[in-house]
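> I'd like to go over a predicted model; first the sequence, then the structure.
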Amino acid sequence: MRIENVKRFYHGSYTVVEKPDLAKCGKGKDFGQGFYLTTDIEQARRFVRSSIGKAVKNGDCEKNHKIGYVSVYEFTDADGIETYEFESADREWLHCVAMHRRDGLFRDDINRWKKYDMISGKIANDNTNQVITAYINGLYGVVGSEIADRTAIGLLMPEKLTDQICLRTENALKKLKYMSCEEVIVKERR
């Protein structure tokens with residue numbers, strides 16, 4: 001995926017997000033604090049359930065809240081913003097995700113990622129969270145070692161992962177134009 005070739009992005013949430021606010025974006029995410037999007041509308045729809053769960057836990061909506069939204073955006077262009085795109089879920093991607101999820105890992109790389117307005121790559125979603133957590137906790141060997149990296153990447157099955165785009169600065173958010181939203185009704189899990 002080349003960012004400059006993509007025009008539509010999606011964001012799944014418990015609420016419509018017409019104007020993203022970086023101050024409301026959580027820390028400890030794969031590519032750092034930022035507003036996360038995807039080019040896969042199905043992925044955005046699936047994320048609505050997770051977003052509702054977090055909103056209920058944080059008191060942002062009622063326990064019986066069952067309606068969420070996929071907000072649709074147009075990306076105008078990447079002119080004037082610093083972007084980095086991971087081509088695959090490789091060692092560099094794994095280290096970036098681990099570093100942003102756990103303070104203290106790969107300290108030498110911290111400044112490298114700070115300069116980017118936008119980072120995109122594969123998503124470490126709910127299906128892969130256990131592998132990333134095990135990796136960060138050293139269950140595959142020393143974090144950053146070749147064997148730990150190779151084991152984690154192999155278990156992640158990177159060829160099956162979809163994408164995520166993190167807009168990390170106000171400069172990047174200015175390139176995003178809200179278009180519409182789609183209502184998503186979340187069904188009870190059985």
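In hand now; what should we look at?

> May I have the helix or strand bottoming out on mean pLDDT in the chain exported as PDB, CA atoms only?
The weakest-scoring helix or strand in the chain, judged by mean pLDDT, DSSP states H and E, is helix 110-114 (a mean of 89). This file holds the C-alpha atoms of helix 110-114, laid out as PDB (Å, rounded to 0.1, in the frame of the first residue of the first chain):
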ATOM      1  CA  ILE A 110      12.900   6.600  20.200                       C
ATOM      2  CA  ASN A 111      14.100   9.700  18.400                       C
ATOM      3  CA  ARG A 112      14.000   8.000  15.000                       C
ATOM      4  CA  TRP A 113      10.200   7.700  15.200                       C
ATOM      5  CA  LYS A 114       9.400  11.100  16.700                       C
END
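
> Kindly list the longest helix within the protein.
Counting residues, the longest helix found in the chain (DSSP state H) is helix 41-57.

> which of the residues in that helix are buried?
Under the neighbour-count criterion of 16 or more other CB atoms under 10 Å, helix 41-57 has 43-52, 55 buried. Heads up, the C-betas are built off the backbone N, CA and C, glycines and all.

> ok, those vs residue 160, which is closest?
For the buried residues of helix 41-57, the closest approach to residue 160 (CB to CB) belongs to residue 43, at 12.0 Å.
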